[in-house]
Every structure is written in C-alpha cells, then in structure tokens.
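J.: can you look at this prediction? I've put the sequence above it.
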Amino acid sequence: MSSGENRRADFARKIAWQLYRCGQSSKTDLVRQLGISLPTVLQNVRALIEHGVVRQDGQMQSRGGRRADVLTLDGE
C-alpha cells in the first residue's frame with residue numbers, strides 16, 4: 001500500500017470513528033471536528049457510502065443556508 005493509500009484509509013477510519021462517537025454528523029461538521037479539508041471529507045464519505053459503511057439519513061435543520069445531509073454509520 002502506498003503512502004497516499006495509507007492516508008486515505010486513515011482519513012476514512014477517522015470519519016467512521018467520528019460518526020461512531022457522535023451518532024450522526026454533517027460533512028461540514030466532520031471538517032471542523034477532524035481538521036481535514038472539505039474535498040478530503042467529500043472523497044472519503046463518498047467511498048464509505050459506496051462500501052456500505054456510511055449512509056445519508058435525511059437532512060439537518062437549516063442554520064440559515066442549505067440544509068446539510070445527515071451522515072450516520074450504516075446499520076445503526
């Protein structure tokens with residue numbers, strides 16, 4: 001496994017762990033909570049959804065802008 005693949009796997013694990021700890025989160029919240037960039041979160045969330053680890057579970061209440069998707073671990 002290359003160092004780039006290791007980093008991607010590490011980010012995916014961090015996202016899954018954060019969702020496990022919080023129960024649910026938005027992509028923007030994950031950026032703030034984990035201190036990683038939005039494109040990195042988007043790429044990893046997309047991969048976790050494709051692998052059946054994470055699912056979109058509705059939308060959060062609006063905070064004045066577009067309503068954020070709620071992310072949870074699949075199977076909860």
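T.: Cool, got the structure. Since the model is a prediction, treat every value here as computed from it, not as a measurement.
J.: ok, longest helix in the chain?
T.: helix 3-22 (DSSP state H).
J.: would you mark the buried spots in that helix?
T.: Buried positions in helix 3-22, judged by neighbour count with 16 or more other C-beta atoms under 10 Å: 8, 11-12, 14-16, 19. Placement of C-beta: from N, CA and C, glycine included.
J.: next one: stretch 51-66
T.: For stretch 51-66, the neighbour count (16+ other C-beta under 10 Å) marks 53-55 as buried.
J.: I36 sits in which helix or strand?
T.: Under DSSP states H and E, no helix or strand contains I36.
J.: same question, R66
T.: Per DSSP H and E, there is no helix or strand for R66.
J.: now stretch 14-34, how far from the centre of its chain.
T.: When distances are taken as C-alpha atoms, centre = their mean, to the nearest Å, stretch 14-34 is centred 6 Å away from the chain's centroid.
J.: for it, output the C-alpha coordinates as CSV.
T.: In CSV, the C-alpha atoms belonging to stretch 14-34 read as follows (Å, rounded to 0.1, in the frame of the first residue of the first chain):
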residue,chain,number,x,y,z
LYS,A,14,-11.2,8.9,11.3
ILE,A,15,-14.5,9.7,9.7
ALA,A,16,-16.1,6.4,10.6
TRP,A,17,-14.8,6.7,14.2
GLN,A,18,-16.2,10.2,14.5
LEU,A,19,-19.6,9.0,13.2
TYR,A,20,-19.5,6.1,15.7
ARG,A,21,-18.7,8.5,18.6
CYS,A,22,-21.3,11.2,17.6
GLY,A,23,-24.0,9.0,16.1
GLN,A,24,-24.5,11.5,13.3
SER,A,25,-22.8,14.4,11.6
SER,A,26,-22.8,16.6,8.5
LYS,A,27,-19.8,16.8,6.1
THR,A,28,-19.1,20.4,7.3
ASP,A,29,-19.2,19.2,10.9
LEU,A,30,-16.7,16.5,10.1
VAL,A,31,-14.4,19.1,8.5
ARG,A,32,-14.5,21.1,11.8
GLN,A,33,-14.3,18.2,14.1
LEU,A,34,-11.4,16.4,12.4
